[in-house]
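S.K.: what follows is a protein structure lacking sequence information:
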């Protein structure tokens, strides 16, 4: 998801399955942080630089549902605390989604919608990793693991609930471990938690594979198939306060995997053949995630359901949560039994975040649930452009909004994350 992150589940597996052709020569730093004072979005002022929205207007499957989910988020009073940069306000974000929904039911052709969008909306582009708009797109999905609420000879590896002595700040930031005397210290790292007994009694569910436990930790959520056939959803509750460290480069450096073969499937196969190495590598990542049981659809960092191809994860410290975006890249699809990369332009809503999605040059696309979605996510590692649309200021309107639904998750806590980073 992270939230390290999610209310329902998602185990986002970003698989660097194939290296981008352009990266062979330019080796861009997609995780480049913005210079002090620089914004992630830049308004496009030259009409020649606007993308063609026509293709995105052709396929609208799931788009209205995604928009409604974002509107539901904006109806929560807690969403108003996240004032966006510059002239991108809460009011403008709401009005944008309402106006775009009106366009969707207007009966316009894609070409007419394209002209209307360019006329009614300001378009912003992510500055990307190079200040030229280059964004690295990856994919994540919701896997399903076998598990049990009780340990036995097969299910031996637990996911844990949040410890009562773990303290968060008002914004959800992890502060640390509170001692009996009230002092707050750094929580122990992964290796110490796994070797010690301090989490005993906090087991939520047991899995059969230690690397599946690690995948759940990295992605923040999972669906668990219990012995009776029912599905249990576990989602991110907290982590121990350490930064995420990817293990793929360590495995490549040690000769366990070749860079050109790097994929989630390759990592799973390696650890199945070499189970003695799981802890050796996973413990290089000190971050440890705690879970809670939830029900319903997979949810992103704004605590609204995510929808395949319509929900994206970005760095919520620099991008506007819940807002309307436009993807321009190449994404995989299955054609004639094979997965092929094809140009893709489509609308999406910025509804999630991730532990490794921490820059203007990163964007994760939610691919859905199950093995097929996982296969597509595993082929998603492409450069592209990322745009945001906002209704022009002179068209703003603000009808009343209300909602009794729970407040969204604290910022920075939902986990689509780069497992193979």
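M.R.: Looks like it came in fine. Fair warning: this is a prediction, and the values are worked out from it, not measured in the lab.
S.K.: neighbours around residue 117, how many?
M.R.: Using other C-beta atoms under 10 Å, residue 117 has 23 neighbouring residues. Bear in mind the C-beta positions are built from the backbone N, C-alpha and C, glycine included.
S.K.: which residues are in contact with it?
M.R.: Listed by C-beta atoms under 8 Å, 6 or more residues apart in numbering, the contact set of residue 117 reads 53, 103, 389.
S.K.: got those residues as a markdown table, with neighbour count, secondary structure and distance to residue 129 columns?
M.R.: Shown next, in a markdown table, are the contacts of residue 117 (neighbours: other C-beta atoms under 10 Å; DSSP: H, G, I helix; E, B strand; the rest coil; distance: C-beta to C-beta, whole Å):
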| residue | neighbour count | secondary structure | distance to residue 129 |
| --- | --- | --- | --- |
| 53 | 25 | coil | 24 |
| 103 | 16 | helix | 31 |
| 389 | 21 | strand | 22 |
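S.K.: name the SS class of residue 277, please.
M.R.: Of the three states, residue 277 takes helix according to DSSP: H, G, I helix; E, B strand; the rest coil.
S.K.: thought it was touching residue 271?
M.R.: Yes: under the criterion of C-beta atoms under 8 Å, residue 277 makes contact with residue 271 at 6.5 Å.
S.K.: what about those two, which has more around it?
M.R.: Counted by other C-beta under 10 Å, residue 277 and residue 271 do not tie: residue 271 has more neighbours, with 21 against 15.
S.K.: name the nearest residue to the more buried one, ignoring sequence neighbours.
M.R.: Closest residue to residue 271 apart from its sequence neighbours, by C-beta to C-beta, 6 or more residues apart in numbering: residue 211 at 4.5 Å.
S.K.: give me the element that neighbour is part of.
M.R.: Using DSSP states H and E, residue 211 maps to helix 210-219.
S.K.: do the same with residue 308
M.R.: Counting by DSSP H and E, residue 308 is found in no helix or strand.
S.K.: re earlier: does the residue nearest to residue 271 really touch residue 276, like I thought?
M.R.: No: checked against C-beta under 8 Å, the pair residue 211 and residue 276 is beyond contact range at 12.0 Å.
S.K.: name the residue in the two with the higher neighbour count.
M.R.: residue 211 (20 against 7).
S.K.: if we can go back for a sec, OK, contacts around the residue nearest to residue 271?
M.R.: Here residue 211 is in contact with 267-268, 271-272, 278, 282 (C-beta under 8 Å, 6+ apart).
S.K.: residue 370 too?
M.R.: Neighbours of residue 370 in contact, by C-beta under 8 Å, 6+ apart: 141-144.
S.K.: rerun that using 10 Å as the cut-off
M.R.: Taking C-beta atoms under 10 Å, 6 or more residues apart in numbering, we find residue 370 in contact with 141-144, 223.
S.K.: ok, so of the contacts of residue 117, who is nearest residue 241?
M.R.: Checking those against residue 241 with C-beta to C-beta, the nearest one is residue 389 at 36.2 Å.
S.K.: emit the PyMOL select command for whichever of the contacts of residue 370 are buried.
M.R.: In PyMOL, this line selects whichever of those come out buried by 16 or more other C-beta atoms under 10 Å:
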select buried, resi 141+142+143+223
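S.K.: show me the contacts of residue 370 that map onto strands.
M.R.: Among the contacts of residue 370, the residues falling in strands (DSSP state E) are 141-142, 144, 223.
S.K.: between the residues you listed, which is nearest residue 356?
M.R.: Using C-beta to C-beta, residue 141 is the member of these that sits closest to residue 356, with 15.5 Å.
S.K.: and the residue nearest to that closest one when sequence neighbours are not counted, backbone torsions?
M.R.: Spatial nearest neighbour of residue 141, excluding adjacent residues (C-beta to C-beta, 6+ apart): residue 373 at 3.8 Å. Dihedral pair for residue 373: phi -60, psi -40, per degrees, to the nearest 10.
S.K.: count of neighbours near residue 373?
M.R.: When neighbours are counted by other C-beta under 10 Å, residue 373 comes out with 21.
S.K.: how is the chain divided into domains?
M.R.: Using automatic domain parsing, the domain parsing of the chain gives 23-140+307-395, 141-294.
S.K.: tell me where the chain has helices.
M.R.: Using DSSP state H, the helices found in the chain span residues 23-26, 54-58, 63-74, 90-104, 110-120, 190-195, 210-219, 248-253, 264-273, 278-282, 370-377.
S.K.: just these: most buried one?
M.R.: helix 210-219 (a mean of 24; mean count of other C-beta atoms under 10 Å).
S.K.: for residue 172, see how far away the residue of the chain positioned farthest from its centre is.
M.R.: The C-alpha centroid of the chain is most remote from residue 181, which lies 37.2 Å away (C-alpha atoms, centre = their mean). Separation of residue 181 from residue 172 (C-beta to C-beta, to the nearest Å) stands at 25 Å.
S.K.: do residue 358 as well
M.R.: Applying C-beta to C-beta, the value for residue 358 to residue 172 is 16 Å.
S.K.: between these two, who's got more neighbours?
M.R.: residue 358 (21 against 16).
S.K.: thought that one was touching residue 136?
M.R.: No: counting by C-beta atoms under 10 Å, residue 358 stays clear of residue 136, with 12.0 Å between them.
S.K.: got any ranges where the stretch 51-200 of the chain has weak pLDDT?
M.R.: 83-86, 171 (pLDDT under 70).
S.K.: out of the helices of the chain, which is closest to residue 46?
M.R.: helix 110-120 (12.0 Å).
S.K.: the inter-axis angle of that closest one versus helix 90-104?
M.R.: Put simply, helix 110-120 runs at 160 degrees to helix 90-104, going by axes from the mean of the first three to the mean of the last three C-alpha atoms, to 10 degrees.
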